[in-house]
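Chemist: For reference, the sequence and a predicted model appear below.
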Amino acid sequence: MSGQSKSSVNPSPYDGSQDWPRAREILARSFYKELRANGLNGRQIVELSNELLRLVSSDFQKGETRW
């Protein structure tokens, strides 16, 4: 996503919402099922999860304020 500014990120519809815990659960389950259906094994899903955490950590270190 090079070239995109931080201002192009839309606010989350779940910011401050009581719906977020349930939505998070549904999204995670759906994402997991999709990954498994596309042939990823448990180890690959953990590696992908680690990469996602690395990317979020990188944004945080760069001063990304949308937490």
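Modeler: All right, it came through fine.
Chemist: Compute the distance from the centre of stretch 38-57 to the centre of its chain.
Modeler: The chain centre lies 11 Å from the centre of stretch 38-57; the measure is C-alpha atoms, centre = their mean, to the nearest Å.
Chemist: what's the answer for stretch 19-30, then?
Modeler: 12 Å.
Chemist: Kindly export that stretch (C-alpha atoms) in CSV.
Modeler: Taking only C-alpha atoms (Å, rounded to 0.1, in the frame of the first residue of the first chain), the coordinates of stretch 19-30 have been written out as CSV:
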residue,chain,number,x,y,z
ASP,A,19,-20.8,-4.8,18.9
TRP,A,20,-17.1,-5.1,18.4
PRO,A,21,-16.5,-8.2,20.6
ARG,A,22,-19.1,-10.2,18.7
ALA,A,23,-18.0,-8.8,15.3
ARG,A,24,-14.4,-9.7,16.1
GLU,A,25,-15.3,-13.2,16.9
ILE,A,26,-17.3,-13.7,13.7
LEU,A,27,-14.6,-12.1,11.6
ALA,A,28,-11.9,-14.2,13.1
ARG,A,29,-13.8,-17.4,12.7
SER,A,30,-14.7,-16.6,9.1
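Chemist: which sections of the protein are below the confidence cut-off?
Modeler: For the chain, applying pLDDT under 70 flags the ranges 1-9, 65-67.
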